[in-house]
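>>> test case, fold it:
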Amino acid sequence: MDTAEFIKSPKVERVLLYKGISPKNRKSQDGTLLLTATHIIFYDTKTGCETMVLYMTIASVTKGPKVKRGRHEGIPIEVHCKDFQILNFLIPRAVDATHVLESLTKFSLPVHTDELYAFQYIPDYFSEVDGWKFYNPEAEYARFGVPNEKWALSPVNFNYEVCPTYTRWVYEPTSVKPSIVAGSAKFRSKGRLPALSYLYKNEAAICRCSQPCSGVQAKRNREDELLLSAIWEANPSDKPLMIVDTRPKLNAVANKAKGKGFENIQGYPFAELVFHGIENIHAMRNSLKDLIKGLRTSDTTHGHLSDLESSGWLTHIRAVMATTLHIVKYILDGSSVVIHCSDGWDRTAQTCSLAGFMLEPYYRTIRGFIVLVEKEWLHFGHKMSDRNWILDGKSREVSPIFLQFLDAAWQISQQYPRAFEFNELFLVTIHDCLVSSQFGTFFCNSEKERDGAKLGERTESVWSFLYSRREDFLNPLYDIGEPAHQGYLFPDLGLQHYKVWTTMYSRFDAEIHPRQSYNDAVISLTLRLNVHESSLKVIDAKILAAKRKLGLEPAATPVTSPVPADETESAAAEVLPNGDEASQADDAAADPVSAAEASDPLGALGGGAAADDGEHPETGNVGSLADGLAAFSSSATTVAALMDDDDDGSEPLSPSRRTSTGKILAKSKGQTVGEERKLKRKQSTLTVNVDPARLVVPLELHGNPFLDADACHKCHIPFDFIALRQYCRLCSNVFCVTCTSKREPIPECGFEDRVPMCEKCHRGRKATLEAQ
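Next up is the predicted model:
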């Protein structure tokens, strides 16, 4: 769809933008509103900063009657975003306000998958892993020791014939024939038959499915009973098979009227049926809506606590956690568990993934968490597109189920801060990538639909992006030797342990969320150490150069930049990121990315988190939210050109808001998006002569107060635990991570690994190298 022809008012001047959590605290900015092919951009004419919002992140747009605010009057337009930012525009002319409303409403909810931003997006980052090949089902199940004499891959769903919403990789007990498995599928809602999700070391299994079609007559199915019996018999323990219905019993009984319901336990004498209290998607949707409303409108402590309580959001989180803890307890006691809700793709996905999260240390690493999401959410058919309103459809299908899972994972990490390789910004960035529609990973509702859309050929994977910035998501407190890390976790359900995740829900409300965290102290101390260590390296290099000049050392050889990206990718592809290593230590040792990251003490701001194998410490940076989507880094240049201004100012934004509007117009330059993408990925092999005189001594030795810098040199965002400091290795100015998103080796300055630099220095260096 050519969006330009539908934009009736591409440029609206004298617009006011209001920000803040309440009308009393809102501060206005005067500027120009621009509507591009993919973004709405507000340019502040006074400061030169810009606010960019990707159309796909917009959840709703409303227009109010004409109002007067101070000496300004106009039509208010309120934009609610899926990443919980709210923007209020005051547009002077009614006709312009109508045009803006129509454009934002139309572009924020595409009708067809091909209209999504991911099909236009051209990556501006380099990743050594192919995210589309990141998850290998055979390798993942091999970690559990499957296949074995009791469990094996079943051929029943290879062509998605038995269950179109399931993965084709369905593992079942070896004692059952495919005909029995297929018969069980006919008895389960949507054909979502019982299938192996996780096998614990004591051989207790977690299987998942949907509700049975028992109806008010409590019907039974011989094949389903045989399959569940085989699951029970595959466990050497004599404990009963636990059938966990995650719904409140009242809800399960109500489904009997629709011909569904729950198991007739008389047909399963080897099992016990238990109900839990996780509410349905509609309750979760309303709860999140009330939570956000309460966070933004409460002016008193009593009002805030009252609104938080009435929203029920934390109550729902605890209900999910309580159900999961029961599952974990069953597994630890030696009982196998079969989990289902209604259709087995919402509450079942939450509890199965969280149970694995608590039981398996591997899932608490960056790589393992990605594998967990791929397996339990994408391959087992969570309705990602419908639940997150990626395409225009039924609003009743929208529900924050995946967000709840991320929230629950964060709550656990708060109780066990040293047991997780990743920090909270990793979780926030995953959510931002989901709502931005910039990557094809979360499109469609099932593996079959994604295969049919050929997303792996036509779009980028979010896992490639996350792994390209892996060091930004490392937890500086991660301790691979921590006892909790080596075994299972059992979080406390006490009310005092559950709190609102302000980094997710209130990150744009600077006056209410904390501006620092314990990570800051660790990162700052580690950074100071890294800066001094790097200073010594540069000084040693200068001394060596002086000795060579005096003839005391042999002459240096030319330094060549890394091999082209396509060669690196092909080599990295030989090692699957979640290969079939027998242990977590072997798994991490095979990671080509980890080995590269561990060698650059200057490449990150933060802490010495241990690598997956526990032997190679890495220096990690708790990266800025705004850094998440790396391609968004050149937006200032675009708007500056439109406004005839310089490119030194841009306002900090969330990951889904940073992009270059010029990059998405690749087709207009005579190239297809695919050709442009390949061109961006290629790197030229350049020979650079190292000039010792140009070696850069890290900026503390220049007297630059790096750790005392309050705001980014370019976009002026205040530094906090969301937007962290970084500095350009060429000009030594202090920026946020987004404004130093360009990362390349600088051998002429003594940096042989990929290090950050600002856009201005990157452009200048690129021109110099091309001239050579």
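
>>> so S184 sits against S229, correct?
No. At 10.9 Å, S184 does not count as touching S229 under the criterion of Cβ atoms under 8 Å. The way it works is simple: take the backbone N, C-alpha and C, and place the C-beta from them, glycine included.

>>> which one's more surrounded, these two?
When S184 and S229 are compared for neighbours, S184 comes out ahead with 27 against 19, by other Cβ atoms under 10 Å.

>>> who are the contact partners of that one?
Contacts for S184 (Cβ atoms under 8 Å, 6 or more residues apart in numbering) come out as L193, P194, N221, E223, D224, L226, L227.

>>> try it again with 6 Å
Contact analysis of S184 by Cβ atoms under 6 Å, 6 or more residues apart in numbering lists L193, E223, D224, L227.

>>> what strand or helix carries the third one?
Spelled out, that is D224. Here D224, judged by DSSP states H and E, is contained in helix 222-233.

>>> list the buried residues in the following helix or strand past that helix.
Once the chain leaves helix 222-233, the next helix or strand it forms, by DSSP H and E, is strand 241-245. Of all the residues in strand 241-245, those buried under the rule 16 or more other Cβ atoms under 10 Å are L241, M242, I243, V244, D245.

>>> again with stretch 390-409
390-391, 397-409.

>>> and which of the residues you listed is nearest to H302?
Closest approach to H302 among the buried residues of stretch 390-409 (Cβ to Cβ): D407, at 24.5 Å.

>>> next, give phi and psi for the closest one.
Torsion angles at D407 (phi, psi; degrees, to the nearest 10) stand at phi -60, psi -40.

>>> the contacts of S184: which two are farthest apart?
L193 and E223, at 9.4 Å, using Cβ to Cβ across those.

>>> who has more neighbours out of those two?
Neighbours were counted for L193 and for E223 using other Cβ under 10 Å; L193 has more, 30 against 19.

>>> do you know how far that one is from K289?
Taking Cβ to Cβ, to the nearest Å as the measure, L193 falls 35 Å from K289.

>>> output the contacting helices and strands for the helix holding D224.
helix 178-187 (3 or more Cβ pairs under 6 Å, 6 or more residues apart in numbering; DSSP states H and E).

>>> which stretches of the stretch 601-750 of the chain have low pLDDT?
Counting by pLDDT under 70, the stretch 601-750 of the chain shows low-confidence ranges at 601-708, 720-724, 748-750.

>>> one more time with 80
601-711, 715-727, 729-732, 736-744, 746-750 (pLDDT under 80).

>>> what does the stretch 1-150 of the chain give?
1-6, 19-27, 70, 124.

>>> list the buried ones in stretch 233-252?
234-235, 239, 241-248, 251-252.

>>> and what of stretch 375-395?
So stretch 375-395, judged by 16+ other Cβ under 10 Å, has buried residues 375-391.

>>> do stretch 171-189 as well
Buried, per 16+ other Cβ under 10 Å, within stretch 171-189: 171-173, 175-176, 180-185, 187-189.

>>> from those, pick the one nearest C341.
Comparing the buried residues of stretch 171-189 against C341 with Cβ to Cβ picks out S189 as the nearest, at 9.7 Å.

>>> the closest one and P212 touch, don't they?
No. With contact defined as Cβ atoms under 6 Å, S189 does not reach P212; the gap is 7.5 Å.

>>> follow-up on the earlier one: got a markdown table for the buried residues of stretch 233-252, with distance to N202 and pLDDT too?
Supplementary listing: the buried residues of stretch 233-252 in a markdown table, determined by distance: Cβ to Cβ, whole Å; pLDDT from 0 to 100:
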| residue | distance to N202 | pLDDT |
| --- | --- | --- |
| A234 | 12 | 97 |
| N235 | 8 | 97 |
| K239 | 10 | 96 |
| L241 | 15 | 98 |
| M242 | 14 | 98 |
| I243 | 19 | 98 |
| V244 | 18 | 98 |
| D245 | 24 | 97 |
| T246 | 23 | 97 |
| R247 | 28 | 97 |
| P248 | 30 | 96 |
| N251 | 32 | 94 |
| A252 | 29 | 95 |
